[in-house]
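Peer 1: give me coordinates for this.
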Amino acid sequence: MKQALEKILSALSSRQKEKRPFLAAIDGRCAAGKTTLAAKIQAETGCTLLHMDDFFLRPEQRTKERLLLPGGNVDWERFRGEVLLPLSRREPFCYRPYNCHMQKLMEPVPVTPGPLIVVEGSYSCHPELWDFYGLHVFLTVSREEQLSRIKARNGEEALSVFRDRWIPLEERYFQAFDLPGRCELCLATDG
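Peer 2: Below you'll find the predicted structure:
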């Protein structure tokens, strides 16, 4: 994880001068360390940190047709409208995080963006969001390590849901859009 952090910080340092605010996306496999790594980047840089988990589909949006679309498991339309468009205009904004456990939108969260914004989470590099970012990072982890981390983090019961539902949806998205090949950085976080 330390090497991944150093590589991302180096890439951010060299690219951040290109555009203000500078947006970076950290996408990748479940349990690859996206949230942990993004928190470390925030601690090092003071960046504005946003989580794609706040934009998962609400129950009424989870139609069979929508879930058949690669990357359809996230409300990218709402993320683009509530977050990325105001950021592209350098405007403060509010967004309503979706709470998966309560299955509802929470109270609005105001954001005054700084010069660096990091968006972490699966589906953050969705093709409809891709062009907003100046750096795209893909984190990967071996299947064995992935399942071990999910079990430790979420428990045995949740492991089967991840293995049977969430991981296949993610893998279809990664393959459909060749994320490991398209991202400027593709980093393994095993060990």
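
Peer 1: show me the contacts for the residue positioned nearest the centre of the chain.
Peer 2: Within the chain, one residue has its C-alpha closest to the average C-alpha position: by C-alpha atoms, centre = their mean, that is G121, at 1.8 Å. Taking C-beta atoms under 8 Å, 6 or more residues apart in numbering as the criterion, G121 is in contact with 26-27, 34-35, 51-53. Any C-beta I mention is one placed from the backbone N, CA and C, and that applies to glycine too.

Peer 1: and for it, nearest residue in space, chain neighbours not counted?
Peer 2: The shortest distance from G121 to any non-neighbouring residue, by C-beta to C-beta, 6 or more residues apart in numbering, is to M52 (2.8 Å).

Peer 1: residues near I167, how many?
Peer 2: When counting by other C-beta atoms under 10 Å, one arrives at 19 neighbours for I167.

Peer 1: tell me the contacts of it?
Peer 2: 29-30, 146.

Peer 1: go again using 6 Å as the cut-off
Peer 2: Contacts for I167 (C-beta atoms under 6 Å, 6 or more residues apart in numbering) come out as C30.

Peer 1: what pLDDT does it get?
Peer 2: Note for I167: predicted pLDDT of 93.

Peer 1: in three-state terms, how would it be classified?
Peer 2: helix (DSSP: H, G, I helix; E, B strand; the rest coil).

Peer 1: repeat that for I26.
Peer 2: strand.

Peer 1: who's it bridged to?
Peer 2: Beta-bridge pairing for I26 (DSSP bridges): E120, V137.

Peer 1: before we move on, what about A188?
Peer 2: Counting by DSSP bridges, A188 is bridged to T140.

Peer 1: what about it, neighbour count?
Peer 2: Neighbour count of A188, defined by other C-beta under 10 Å: 16.

Peer 1: so it touches T140, yeah?
Peer 2: Yes: applying C-beta atoms under 6 Å as the test, A188 and T140 come out as touching, 5.3 Å apart.
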